[in-house]
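# dropping a prediction and its sequence here:
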Amino acid sequence: MLHQQLPLIERGSDGPFGRLLVPALVLGAGLSMSMLLLVAAQPVLAGAAVLGSAIAAFVADRRSAIRPTMPGALASGLDFSLVGAALGLASEPAALTDGDGRLLIANAAYRERFGSSRPPLGLASDEGSLQGLEAARSMAWRDGAGCAGGIETDAGAVPVTVERAGASGGFLLWRFPDPALADPLTLAVKRAEGVMGERLAAAGIMVAVIDSNGVLVSGNTLFDSRALGAGQEHGSVPFRDLIRAGDDQRMQLRGEGDNAAVLRGIYLPLDPDAESGAGTFLILENGDGTSLNQAANVQALLDVLPVGLALVDRDGRFVTLNQAFRQAAGLSSGATPVYPGDLVVKEDKAAVADAVRRNARGPAMSGDLAVRLARLPGEPVALTIAGLRGLGDAVVLLLLKDNSEEAKLKRQVAQATKMQVVGQLAGGVAHDFNNILTAIIGHCDLMLMRHTPGDSDYDDIQQIKSNSNRAAGLTRQLLAFSRQQTLRPQVLQLPDVISEVSHLLKRLLGETVELVVKHGRNLGPVRADPGQLEQVIINLAVNARDAIALKGSGMLTIQTYSVRADQVAELGSDILPVDDYSALSVSDTGCGIAANVLGKIFEPFFTTKEVGKGTGLGLATVYGIVKQSGGFIFADSKVGEGTRFVIYLPVFREEAGAAKSRSPVAAKKDELWGSGNVLLVEDEANVRSVAERALSRHGYSVTTADNGEEALDILGRGGDFVLLISDVVMPGMDGPTMVAEARKSRPGLKILFMSGYAEEQLRNSIDIEDVNFLAKPFSVTDLAEATRRAIGPK
């Protein structure tokens, strides 16, 4: 808008006399001068004065005659660059024309709305609008100002005002004001949604504009985010439905729930003389409470709480953090993050920021969010986010618990579960593989009975049997891992086992590894298989040797010591039960094990060695043997310093009167032959065939059955059997069920079970007295010896 109004100079018409006034005055002055010169006796100068005055009068008359015909712009000396700059300051369309309506200059708003070359008189789109523009121009030219409304143009209906401008009044200033700007409600809406509304929102002040019916027509972003719910929009919801009004201009936002913060509202009516109707509400925090970020006693109270707490303001910035929160988040004492998203990894930042924003506005809610901390990205943690109302600056509460111990326990439980599942799978595979190996080894033994050393096939058969025995050793490792191998437990002392194996360890370790053995006092006895316990020590020693080799040389320390029940209680372990233990520690000064690998070392087939240099069953076998012996094993390692394995075996206490010797009668080599009828029950045809031929060669009369039902039918038909040899796991009726039924009619029948599962496990699950076991795979000689022992001496 052009704010400066130039003064208008009104001029009347002088007529013909006004035009001759100046020449007459000039001519009169010249005649007066000539008369004075004549009186002074100067006739020549008097004549010259008369001639000069006549010429001057003629020139003055001509200038007065041509002045009205000169262009207005030229006559006034108008500076168009200055006028253009002034019009450019106006936000409404404006243009400057001459008296006939020819366009001289227009501002950017005019060119944008109507085009750059169309004069104001050419904007009308119908005859009536053209007449209105002409009337406004004529009125302005005549009276100095004119106006017209409802002028139809290609850009819509517009009003127009025309003013006569310029020092000589030879120009017309055309303005096309926006009719909406004349409406106070429209102006209030624009202010609320514009820069003013955003600045108030940044200061924490909400703005709401209502019409005369009390309907919300606009609001700034802060009000919309806090007050409007789903499906609520401007122009459709009454303002009273968004608030709960109280006394003394106090109110609450319904969208923030029953516990919403108490706010203070200031009503500004659009009509200064009215007390109600359309107007603007300014809503701000009540301000009666004390701001939490300024209360030192609140910070001291938060710091003594064991739960990690943090308060966040409406902009998503931390207000305060207690010490437990810093510890759980892995922050140093001096580090203070700005936003909650700064605590988590990049992938979780958006989720945390969104959750904080949702809880900062709207009803007070709470929920848990699984995130990974930037300083501790290995384990996800639960971040509880809750909305707060009525606590000043703090609008969001964050709770973070230091669950590192809980996460460690979960990993241990998950590892134990995984090991159990893998162990069951390994045990099943080993059981089936043992049946195959039994057939292979048995056939090799039968062939060797027909060949003597020096025969062309003797060496090949021996090679087949040797490889089969190696495969059998692999299955024993699988069964050891799955805790299903056959153990021969004895009551023993750990120092005795270490003494037996120490001479072998010295040869295995070599000259670069120093072996140190230490024994504690008051060690309690343990019940374990000495052979398998030796295997545990050898496996750990070999791994230590390989780790030390990477550093060149080092030390291996094997130590035994007692651990009392009260000492176990002080450890606070969730895995190790409170009891008395004899502990075996194997530590080395090797390269150590990385933390991300330490949790996998007991998994089967996991190895860090090169291809072909490790089966991955060494530590898995150790784990299985220790667990099957009722013990516990723990590993601790630091990269570059070494590794330490600790095995806890419970102290064995035998109840009074419960010690019964189970020393079986050992069969001599020359007493493997026997006689009598033997009933052989085996579902695997290959194993059944080998066992039948082996028993027949040793003098027994063999009757076979491939399942339990068939065996019971044979027993039901009569016959005298000195021994029943049966597999344990068979389709249909299994071995123990079949034996239980057979013992009903033949209580004295002697039993020999064949199985690839552990004898100890089978004895615990089979409630049958006077039975013997033979572990698969077995040789012909093993079967003959077991049969002889089961039948008893002759």
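Thanks, I have it.

# for the closest residue to residue 495 other than its chain neighbours, what are its contacts?
In space, and not counting its chain neighbours, residue 495 is closest to residue 519: 4.8 Å by CB to CB, 6 or more residues apart in numbering. Heads up, the C-betas are built off the backbone N, CA and C, glycines and all. Contact analysis of residue 519 by CB atoms under 8 Å, 6 or more residues apart in numbering lists 494-495, 498, 559-560.

# tell me the bridge partners for residue 519.
With beta bridges defined as DSSP bridges, residue 519 has these partners: residue 560.

# is it true that residue 313 touches residue 319?
Yes. Residue 313 lies in contact with residue 319 (CB atoms under 8 Å); the separation is 5.3 Å.

# where do the strands of the stretch 251-400 of the chain begin and end?
263-269, 279-285, 308-312, 318-321, 366-372, 380-391, 394-400 (DSSP state E, counting those that start in this stretch).

# just so I know, which of those lies nearest residue 212?
Residue 212 lies closest to strand 279-285 among the strands of the stretch 251-400 of the chain, at 9.1 Å (CB to CB).

# now do that closest one, average pLDDT.
Averaging pLDDT along strand 279-285 gives 86.

# each with direction, which strands does that strand pair with?
Partner strands for strand 279-285, per DSSP bridges, with pairing direction: strand 206-210 (antiparallel), strand 263-269 (antiparallel).

# could you list the buried residues of that strand?
Buried residues in strand 279-285, defined by neighbour count with 16 or more other CB atoms under 10 Å: 279-283, 285.

# now do stretch 571-578
Using 16+ other CB under 10 Å as the test for burial, stretch 571-578 gives residue 576.

# and what of stretch 377-389?
Buried, per 16+ other CB under 10 Å, within stretch 377-389: 380-381, 383-385, 387-389.

# cool, and stretch 634-646?
Buried positions in stretch 634-646, judged by neighbour count with 16+ other CB under 10 Å: 635, 637, 642-646.

# next: stretch 696-708.
Of the residues in stretch 696-708, 698, 700, 702-708 count as buried by neighbour count, 16+ other CB under 10 Å.

# rebuild the buried residues of strand 279-285 as a markdown table, extending it with distance to residue 722.
Shown next, in a markdown table, are these (distance: CB to CB, whole Å):
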| residue | distance to residue 722 |
| --- | --- |
| 279 | 111 |
| 280 | 109 |
| 281 | 105 |
| 282 | 106 |
| 283 | 101 |
| 285 | 98 |
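
# out of these, which is nearest to residue 684?
Within the buried residues of strand 279-285, the smallest distance to residue 684 is 82.9 Å, found for residue 285 (CB to CB).

# quick check, the closest one in contact with residue 204.
Yes. Counting by CB under 8 Å, residue 285 touches residue 204, with 6.3 Å between them.

# can you give me how far the helix or strand in which residue 109 is found is from the chain middle?
Secondary structure from DSSP states H and E places residue 109 in helix 108-114. How far helix 108-114 lies from its chain's middle: 53 Å, per CA atoms, centre = their mean, to the nearest Å.

# got the CA coordinates for it in PDB?
These are the backbone C-alpha positions of helix 108-114, laid out as PDB (Å, rounded to 0.1, in the frame of the first residue of the first chain):
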ATOM      1  CA  ALA A 108       4.300  -7.500  -8.600                       C
ATOM      2  CA  ALA A 109       1.000  -8.300  -7.000                       C
ATOM      3  CA  TYR A 110      -0.900  -6.700  -9.900                       C
ATOM      4  CA  ARG A 111       1.200  -8.500 -12.600                       C
ATOM      5  CA  GLU A 112       0.800 -11.900 -10.800                       C
ATOM      6  CA  ARG A 113      -3.000 -11.600 -10.400                       C
ATOM      7  CA  PHE A 114      -4.000  -9.800 -13.700                       C
END
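
# surely residue 622 and residue 534 touch.
No. Look at residue 622 against residue 534 with CB under 8 Å: they stay out of range, at 11.6 Å.

# who has more neighbours, these two?
Neighbours per residue (other CB atoms under 10 Å) separate residue 622 from residue 534, with residue 622 holding more: 26 against 16.

# wasn't that one part of a helix?
Yes. Per DSSP: H, G, I helix; E, B strand; the rest coil, residue 622 lies within a helix segment.

# ok, now how distant is it from residue 125?
In this view, residue 622 and residue 125 are 97 Å apart by CB to CB, to the nearest Å.

# now swap in residue 457 and tell me
116 Å.

# ranking the strands paired with strand 279-285 by burial, who's on top?
The highest mean neighbour count among the strands paired with strand 279-285, using mean count of other CB atoms under 10 Å, belongs to strand 206-210: a mean of 25.

# average pLDDT across it?
The average pLDDT within strand 206-210 is 91.

# which residues are in contact with that strand?
The contact list for strand 206-210, computed with CB under 8 Å, 6+ apart, reads 185, 188-189, 192, 197, 200-201, 216-220, 222-223, 226-227, 239, 242, 263, 278-284.

# buried subset of the residues you listed as a ChimeraX selection?
Selection of the buried residues among those in ChimeraX, burial being defined by 16+ other CB under 10 Å:
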select :185,188,189,192,197,200,201,216,217,218,219,220,222,223,226,227,239,242,263,278,279,280,281,282,283
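
# follow-up on the earlier one: which of the buried residues of stretch 634-646 fall in strands?
635, 637, 642-646 (DSSP state E).

# what does the pLDDT read for the nearest residue to residue 719 once chain neighbours are set aside?
The shortest distance from residue 719 to any non-neighbouring residue, by CB to CB, 6+ apart, is to residue 677 (6.4 Å). At residue 677, the pLDDT value in this model is 91.

# mind checking pLDDT for residue 698?
Looking at residue 698, its pLDDT is 86.

# now residue 559
At residue 559, pLDDT is 93.

# is it true that it touches residue 537?
No. Residue 559 is beyond contact range of residue 537, at 11.9 Å (criterion: CB under 8 Å).

# overlap in contacts of the two?
residue 584.

# mind checking which helix or strand of this structure has the lowest mean pLDDT?
Sorted by mean pLDDT, DSSP states H and E, the helices and strands of the chain end with helix 72-76, the least confident at a mean of 41.

# which SSE is immediately downstream of that helix?
Next along the chain after helix 72-76, taking DSSP H and E as the criterion, comes helix 80-88.

# show residues contacting that next one.
Contacts of helix 80-88 with the rest of the structure, by CB under 8 Å, 6+ apart, involve 2, 4, 94-96, 104-108.

# in the residues you listed, find the pair that's most separated.
Using CB to CB, the contacts of helix 80-88 reach their maximum pairwise distance at 4 and 108, which is 19.4 Å.

# which SS class is residue 783?
Following three-state DSSP, residue 783 is assigned to helix.

# can you check the pLDDT for the closest residue to it other than its chain neighbours?
Leaving aside its sequence neighbours, residue 783 sits nearest to residue 694 (CB to CB, 6+ apart; 5.2 Å). In this model, residue 694 is scored at 86, pLDDT.

# CA atoms only: put the strand or helix carrying residue 694 into PDB for me.
Using DSSP H and E, residue 694 sits within helix 685-697. Below are the C-alpha coordinates for helix 685-697, written out as PDB (Å, rounded to 0.1, in the frame of the first residue of the first chain):
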ATOM      1  CA  ALA A 685      18.300-106.700  10.800                       C
ATOM      2  CA  ASN A 686      22.100-106.100  10.400                       C
ATOM      3  CA  VAL A 687      22.700-106.000  14.100                       C
ATOM      4  CA  ARG A 688      20.400-109.000  14.600                       C
ATOM      5  CA  SER A 689      22.300-111.000  12.000                       C
ATOM      6  CA  VAL A 690      25.700-110.300  13.400                       C
ATOM      7  CA  ALA A 691      24.700-111.000  17.000                       C
ATOM      8  CA  GLU A 692      23.000-114.300  15.900                       C
ATOM      9  CA  ARG A 693      26.100-115.500  14.100                       C
ATOM     10  CA  ALA A 694      28.400-114.400  16.900                       C
ATOM     11  CA  LEU A 695      26.400-116.300  19.600                       C
ATOM     12  CA  SER A 696      26.100-119.400  17.400                       C
ATOM     13  CA  ARG A 697      29.800-119.500  16.900                       C
END
